[in-house]
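**Q** Fold the stuff below for me.
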Amino acid sequence: MQRAVFGLASCVVVGALLGSCYLATEPQSLAQAAAETETKSAKKLTAKKPAAAKGEAAKGDAAKDDAAATTKKSAKPAAEESAKQQFMRIVRDAKQTPVSLDTAIVRYVAEGGKYDGAVVDLIGAVHIGDQRYYRKLNKQFTEYDALLYELLAPKGHRVPKGGGGGSGHPIGLMQEGMTEALGLAYQLEEIDYTKKNFVHADMTPDEFSAKMKEKGESWTGMMFRAMGQGLAMQAQGKGPVGTEVEMLFALFDKNRELKLKRALAKQFEDMDDMMGAFEGEDGSTIITERNKAAFKVLAEQLAEGKKKIGVFYGAGHLDDMDKRLLEEFGLKRESTQWLTAWDMTDAAAKPKKKK
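**A** The predicted model follows:
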């Protein structure tokens, strides 16, 4: 039971960091939708077991320099175009210790057809990360004719510099709380959403609530599904071994932030399985429906003649987006660039001040 609870917590954390970035200006509507469908969805979801392929963790040298980490590219021949694209990786040293959590910027190009000459970058994100990571992203974003971003917010809302205060949604509160526990920065406070090329490409809170109700979803139902996925993974021998103990010891380590990050990062190696717990067999509002909304905006921007577009979404969204770009938009992958979101080298540990 203890392992099942931990598996549930892991799914929730992974979902919070990879799948959603909330501005819950209307948290009551979200809560109401969940309350109205909780009983119905719990009965439906406990009977389902999601299937997802486990991603392979990347391994590398701890001594890689920053320039190499941000410029690695992997052009793929046409024959490999349908191969699974990786959007997040854990880099390890020779002792298999995690030394960085990296996210990808994957470039897609249109050669001929309706969108000939268009370039679309899928820009993976974790919603809490190193400040240097967000500085690099802010610089990257200036290169686009349009930068599409995720945020559950009313139409016309613009995020002020610095984030403009905390979120009222439980997942937003979780994200904010984890920034302190891990010694990281919060995306909404670090990304400059005031730039003119930023285009909102997500659902409104009301649209999100209505779609959850339509699909018979609730937050409680997704938690039940996550618990079932955690149990299934354990039965199959998946998931990092001994993570519970590692996280417990990390709480009392002098380098607590670093050790917690390393323990938590291992959960991302099962990102596909974890996100599958939220998706289910028929997709979900939190991933599938929001991706549809985002790509409707993408099609509009391309129709307006924008030639270079970035799509900035949590890494948990990008596997589905990759399929849409290849199959629906007819684009081809061109290259992959990696950014370090969490520096987990020993040198990154903050020195403790002596009292």
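
**Q** so where do the strands sit in the stretch 201-350 of the chain?
**A** Under the criterion DSSP state E, counting those that start in this stretch, the stretch 201-350 of the chain contains strands at 308-314, 332-343.

**Q** In stretch 189-203, which residues are buried?
**A** The neighbour-count check on stretch 189-203 (16 or more other C-beta atoms under 10 Å) flags 189-191, 193, 197-203 as buried. Heads up, the C-betas are built off the backbone N, CA and C, glycines and all.

**Q** Same list, those residues, but as JSON lines with pLDDT, secondary structure and distance to residue 301 please.
**A** Shown next, in JSON lines, are the buried residues of stretch 189-203 (pLDDT from 0 to 100; DSSP: H, G, I helix; E, B strand; the rest coil; distance: C-beta to C-beta, whole Å):
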{"residue": "189", "pLDDT": "92", "secondary structure": "helix", "distance to residue 301": "26"}
{"residue": "190", "pLDDT": "95", "secondary structure": "helix", "distance to residue 301": "24"}
{"residue": "191", "pLDDT": "96", "secondary structure": "coil", "distance to residue 301": "19"}
{"residue": "193", "pLDDT": "95", "secondary structure": "coil", "distance to residue 301": "17"}
{"residue": "197", "pLDDT": "97", "secondary structure": "coil", "distance to residue 301": "10"}
{"residue": "198", "pLDDT": "97", "secondary structure": "strand", "distance to residue 301": "12"}
{"residue": "199", "pLDDT": "97", "secondary structure": "strand", "distance to residue 301": "7"}
{"residue": "200", "pLDDT": "96", "secondary structure": "strand", "distance to residue 301": "12"}
{"residue": "201", "pLDDT": "97", "secondary structure": "coil", "distance to residue 301": "9"}
{"residue": "202", "pLDDT": "96", "secondary structure": "coil", "distance to residue 301": "14"}
{"residue": "203", "pLDDT": "95", "secondary structure": "coil", "distance to residue 301": "17"}
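
**Q** Turn the residues you listed into a markdown table, including distance to residue 318.
**A** Shown next, in a markdown table, are those (distance: C-beta to C-beta, whole Å):
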| residue | distance to residue 318 |
| --- | --- |
| 189 | 23 |
| 190 | 20 |
| 191 | 17 |
| 193 | 20 |
| 197 | 20 |
| 198 | 19 |
| 199 | 18 |
| 200 | 18 |
| 201 | 14 |
| 202 | 15 |
| 203 | 17 |
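
**Q** Among those residues, which pair sits farthest apart?
**A** Taking C-beta to C-beta, the two most distant members of those are 190 and 203; they sit 23.2 Å apart.

**Q** returning to that earlier point: closest to residue 158 out of the buried residues of stretch 189-203?
**A** Residue 158 lies nearest to residue 193 out of those, by C-beta to C-beta, at 6.6 Å.

**Q** got the contact list for the closest one?
**A** If you count contacts by C-beta atoms under 8 Å, 6 or more residues apart in numbering, residue 193 has them with 149, 151, 158-161.
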